[in-house]
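Student: my questions concern the predicted model and sequence given below.
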Amino acid sequence: MSDLIIRTEGLKKDYVLGAETVHAVRGVDLEIRRGEFVAVMGPSGSGKSTFMNMIGCLDTPSAGNYWLNSQLVSELSDDRLARVRNKEIGFVFQTFNLLPRATALHNVELPLIYAGVSSKERRRRAEEKLELVGLGDRMDHKPPEMSGGQRQRVAVARALVNEPALLLADEPTGNLDSVTSHDIMQQLGQLNEQGQTIVLVTHEADIAAFARRQVHLKDGVIERDFANEAVETAV
């Protein structure tokens, strides 16, 4: 098996807005290996959100190729893309996307319900992931009873419960204060040290500093791609 989790070749995405064509991503060649922690950065209009949607199998490219976990996914139908997405990718969003009336445990179980996993196995795996993110004592709490940081940890546990090849975090600290953001980024760093591949999309330099590599987009192309000299660690 290849050690590449993501490989893009000439990846492009165009949008037609009335009489105008917007070239959001203009030809991106990128390789990300298993176990990497990569921050994709760029200002508004840089193409980072469009690029994230393509590597997350939420959108298809206008041109170019994309391999995820050695599978060419850039030419798949929407139905097959959805299956790949559910199996291979765990998503963490800045808005948490939790069910407010469900417990933390049930929120984490949800992807397994859709996957047809038995109730006993669902509970075991959901409890394991909540323990992993330090919420073993909050399993029966509902989102309104939890802090923003705790809710994001629930979202991380839910993203991990299907054992995805890739954890894709889109502005995961966007709704959190600086102290809580630091805590969540340390959590992601610890997951990466345990072997989880993570791609983080952010516009904040201090958040990108937690990753081991940074890819900067500008006007739809890669402007810089470099390893972080000093990765932020727990203090």
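Tutor: Nice, I can see it. In this text, all values refer to a predicted model and were calculated from it rather than measured experimentally.
Student: hmm, who's touching the lowest-mean-pLDDT helix or strand in the chain?
Tutor: Least confident helix or strand, the chain: helix 78-88 with a mean of 90, by mean pLDDT, DSSP states H and E. Outside helix 78-88, the residues that touch it by C-beta atoms under 8 Å, 6 or more residues apart in numbering are 56-58, 60, 68-69, 71, 73, 76, 111, 114-115, 162, 164-166. All C-beta spots, glycine's among them, are computed from the backbone N, C-alpha and C.
Student: which one of those is nearest residue 12?
Tutor: Closest approach to residue 12 among the contacts of helix 78-88 (C-beta to C-beta): residue 60, at 11.0 Å.
Student: not counting its neighbours along the chain, what's nearest the closest one?
Tutor: Nearest residue to residue 60, sequence neighbours excluded (C-beta to C-beta, 6 or more residues apart in numbering): residue 74, at 6.6 Å.
Student: can you give me the neighbour number for the one you found?
Tutor: As a burial measure, residue 74 scores 19 neighbours (other C-beta atoms under 10 Å).
Student: what's the spacing between it and residue 65?
Tutor: In this view, residue 74 and residue 65 are 5 Å apart by C-beta to C-beta, to the nearest Å.
Student: what do these two both touch?
Tutor: Counting by C-beta under 8 Å, 6+ apart, the shared contacts of residue 74 and residue 65 are residue 11.
Student: quick check: pLDDT value at the residue nearest the centre of the chain.
Tutor: Central residue of the chain (C-alpha atoms, centre = their mean): residue 168, 1.0 Å from the mean position. For residue 168, the model assigns a pLDDT of 97.
Student: show me where the chain has strands.
Tutor: Applying DSSP state E to the chain gives strands spanning 4-17, 20-33, 37-41, 63-68, 71-72, 89-93, 166-170, 197-202, 213-218, 221-227.
Student: name the residues of the least confident helix or strand of the chain that are buried.
Tutor: 81, 84, 85, 88 (16 or more other C-beta atoms under 10 Å).
Student: quick one, it and strand 166-170 angle?
Tutor: Orientation check (axes from the mean of the first three to the mean of the last three C-alpha atoms, to 10 degrees): helix 78-88 against strand 166-170 gives 100 degrees.
Student: so helix 78-88 versus strand 4-17, what angle?
Tutor: For helix 78-88 against strand 4-17, the angle by the same axes, to 10 degrees is 140 degrees.
Student: how far does helix 78-88 sit from the chain's center?
Tutor: With C-alpha atoms, centre = their mean, to the nearest Å as the basis, helix 78-88 stands 15 Å off its chain's centre.
Student: ditto for stretch 109-126
Tutor: Relative to its chain's centre, stretch 109-126 lies at 21 Å (C-alpha atoms, centre = their mean).
Student: now do the end-to-end distance for it.
Tutor: End-to-end distance of stretch 109-126 (C-alpha to C-alpha, to the nearest Å): 6 Å.
Student: quick check: mean pLDDT of that stretch?
Tutor: Averaged across stretch 109-126, pLDDT comes to 94.
Student: what residues does that stretch touch?
Tutor: Residues from elsewhere that reach stretch 109-126 (C-beta under 8 Å, 6+ apart): 86, 99, 102, 105, 106, 108, 139, 157, 158, 161, 162.
Student: so which bits of the longest helix seen in the chain are buried?
Tutor: Looking across the chain with DSSP state H, the single longest helix is helix 178-193. Residues of helix 178-193 classed as buried by neighbour count (16+ other C-beta under 10 Å): 180, 181, 182, 183, 184, 185, 187, 188, 189, 191, 192.
Student: what's the average pLDDT for that helix?
Tutor: Taken as a whole, helix 178-193 has an average pLDDT of 95.
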